[in-house]
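Trainee: my questions are about this predicted structure, shown below with the sequence.
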Amino acid sequence: MQHTKQGLESLTIFEQLPRVELAVLPTPIQELARLSEALAGPRILVKRDDLTGLGGGGNKLRKLEYLVADAISKGANCVITAGAMQSNHCRQTAAAAAKSGLTCHLVLSGNALDKPTGNFYFDQLLGATLHFTERHLRNEKMESVAEELRAQGHSPYVIPIGGSNAVGAMGYVRALIEIDKQLKGDGTIVDRIIFSTSSGGTQAGLVLGAKLRGFDGQLTGISIDHGPDETDPSKFKATIYDIIAEASRNLGAPDICSMNDISIDYDYLGEGYGIVGELEREAIKLMAKTEGLLVGPVYTGRALGAMIDLIRRQAIGKNETVLFLHTGDDIALHAYNEDLLKP
């Protein structure tokens with residue numbers, strides 16, 4: 001599929017958006033020949049967004065380039081965001097804030113750990129101020145922290161969980177454009193891209209970027225923590241579409257995407273968010289032993305486990321070329337030592 005006139009015009013608008021350069025880009029695409037051989041499967045490539053650099057790297061830096069630029073343009077001197085205790089997004093936000101001269105407040109689920117490890121340790125090393133609350137109260141807590149900071153004379157900017165809104169999604173519009181340029185540069189055709197999806201911003205950006213760029217490969221998000229809602233099976237998909245709709249309106253292409261462009265696989269939720277099971281354990285060990293590449297216990301481990309299972313079940317054909325998006329959560333491995341070293 002080629003660029004449409006609308007797509008070209010929107011890409012022109014996109015390139016003019018405010019952006020602070022935080023990540024080391026472009027990240028490489030590499031061959032996983034030994035993993036492919038071990039699975040007797042298709043050609044497997046990996047997009048190394050674990051190598052974006054700042055604060056240990058990861059996919060959220062792409063979003064934060066636009067979110068931090070937006071914060072600065074609005075006169076903010078501090079940022080607030082939220083996540084789980086081992087949130088990669090929170091760690092990268094703390095790093096982005098430090099690099100940009102902003103103070104950072106993080107709202108984390110649960111209570112402070114007695115022994116700082118993984119991302120929880122790096123949050124503190126990067127200078128963030130930590131606040132704790134129950135998972136379902138994180139948005140309310142962010143707003144109360146913002147009110148306290150305003151009362152103290154500060155100008156806070158609230159970044160949603162995962163950086164997933166129309167501003168943050170632009171980071172993965174850029175990523176899809178980058179991927180497409182790299183693939184076309186060496187004549188590679190990818191049948192599908194597989195990635196983890198949770199707060200929805202990464203998937204929203206990829207879907208919108210694919211439409212704008214004319215990328216034909218299938219985009220499959222492996223849901224990490226959202227199952228189909230019992231009363232509204234398309235609720236999570238609608239959340240992603242809302243991000244796409246606002247982002248596409250901002251680029252002058254309001255009708256370029258539809259709900260049908262969003263593909264989510266809910267079959268690999270395991271025992272829940274952040275709980276390592278045999279699927280993740282085997283996938284992490286197989287990747288490490290075949291490629292020397294570390295993937296994380298929560299996001300990439302689960303998405304990789306899903307891809308491996310789809311290959312073994314031949315839902316992904318042997319003649320396909322698959323690109324796995326490594327979103328960079330391997331720092332959290334340090335907090336899961338006991339779970340991962342089980343026989």
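Mentor: Yes, it's here. No experiment lies behind these values; they were computed from the predicted model shown.

Trainee: quick one: Glu143 and Pro160 touch, right?
Mentor: No: the pair Glu143 and Pro160 fails to qualify as a contact (C-beta atoms under 8 Å) at a distance of 11.5 Å. (C-beta placed from N, C-alpha, C; glycine too.)

Trainee: more neighbours: those two, which one.
Mentor: Counted by other C-beta atoms under 10 Å, Glu143 and Pro160 do not tie: Pro160 has more neighbours, with 20 against 14.

Trainee: let me see the contact set for the more buried one.
Mentor: Going by C-beta atoms under 8 Å, 6 or more residues apart in numbering, Pro160 touches 81, 168, 199.

Trainee: chain neighbours aside, what residue packs nearest to the second one?
Mentor: By that I understand Gly168. Setting aside the residues directly before and after it, Gly168 is nearest to Lys63 in space (C-beta to C-beta, 6 or more residues apart in numbering), at 3.5 Å.

Trainee: so the one you found belongs to a strand, correct?
Mentor: No: counting by DSSP: H, G, I helix; E, B strand; the rest coil, Lys63 is not found in a strand; it is helix.

Trainee: report how many residues lie close to it.
Mentor: For Lys63, the neighbour count with other C-beta under 10 Å is 33.

Trainee: Val46 now?
Mentor: Counted by other C-beta under 10 Å, the residues lying close to Val46 total 24.

Trainee: list the helices and strands the helix or strand encompassing it packs on?
Mentor: If you go by DSSP states H and E, Val46 is part of strand 43-48. If you count contacts as 3 or more C-beta pairs under 8 Å, 6 or more residues apart in numbering; DSSP states H and E, strand 43-48 packs onto strand 29-31, helix 33-39, strand 321-326.

Trainee: quick one: average pLDDT of the longest one?
Mentor: Summarised as a single mean, pLDDT over helix 33-39 is 98.

Trainee: buried sites along it?
Mentor: Judged by neighbour count using 16 or more other C-beta atoms under 10 Å, the buried positions of helix 33-39 are 34-36, 39.

Trainee: how about those residues in a markdown table, adding distance to Ile243?
Mentor: A markdown table is the format used below for the buried residues of helix 33-39 (distance: C-beta to C-beta, whole Å):
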| residue | distance to Ile243 |
| --- | --- |
| Arg34 | 36 |
| Leu35 | 32 |
| Ser36 | 33 |
| Leu39 | 33 |
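
Trainee: so which of those comes closest to Ala175?
Mentor: When the buried residues of helix 33-39 are ranked by distance to Ala175 (C-beta to C-beta), Leu35 comes first, at 22.0 Å.

Trainee: which strand or helix spans the nearest residue to Ser100 once chain neighbours are set aside?
Mentor: Excluding the flanking residues, the one nearest Ser100 by C-beta to C-beta, 6+ apart is Val68, at 5.2 Å. Element membership for Val68, per DSSP H and E: helix 60-73.

Trainee: what does that helix rub up against?
Mentor: Residues from elsewhere that reach helix 60-73 (C-beta under 8 Å, 6+ apart): 17-23, 25, 49, 52-55, 79, 88-89, 92-93, 95-97, 100, 102, 157, 159, 162-164, 167-172, 174-175, 201-202, 205.

Trainee: so which bits of it are buried?
Mentor: Across helix 60-73, burial judged by 16+ other C-beta under 10 Å covers 60-72.

Trainee: next one: stretch 277-296
Mentor: 277, 279-281, 283-284, 286-287, 290-291, 293-296.

Trainee: re earlier: now the helix holding Val68: how far from the chain's centre is it?
Mentor: With C-alpha atoms, centre = their mean, to the nearest Å as the basis, helix 60-73 stands 14 Å off its chain's centre.

Trainee: for the very next helix or strand once past it, packing partners?
Mentor: Using DSSP H and E, the next helix or strand after helix 60-73 towards the C-terminus is strand 78-83. When contacts are defined as 3+ C-beta pairs under 8 Å, 6+ apart, strand 78-83 sits against helix 60-73, helix 88-100, strand 103-109, helix 138-151, strand 156-158.

Trainee: just checking, what packs against the helix or strand following the third one?
Mentor: It stands for strand 103-109. Of the helices and strands lying after strand 103-109 in sequence (DSSP H and E), the nearest is helix 118-125. Here helix 118-125 touches helix 88-100, strand 103-109, going by 3+ C-beta pairs under 8 Å, 6+ apart.

Trainee: out of these, deepest packed?
Mentor: Mean neighbour count (mean count of other C-beta atoms under 10 Å) peaks for helix 88-100 among these, with a mean of 27.

Trainee: not counting its own residues, what contacts that one?
Mentor: Residues outside helix 88-100 that contact it (C-beta under 8 Å, 6+ apart) are 20, 22, 54-58, 60-61, 64, 68, 72, 78-79, 81-83, 103-104, 106, 108, 119, 122-123, 126-128, 159, 161-163, 199, 296, 299, 327-329, 331-332.

Trainee: quick one: buried ones out of the residues you listed?
Mentor: Using 16+ other C-beta under 10 Å, the buried members of the contacts of helix 88-100 are 20, 22, 54-58, 60-61, 64, 68, 72, 78-79, 81-83, 103-104, 106, 108, 119, 122-123, 126, 128, 159, 161-163, 199, 296, 299, 327-329, 331-332.

Trainee: could you count how many residues lie near Arg19?
Mentor: Neighbour count for Arg19, taken as other C-beta under 10 Å: 18.

Trainee: retrieve the pLDDT associated with it.
Mentor: For Arg19, the model assigns a pLDDT of 98.
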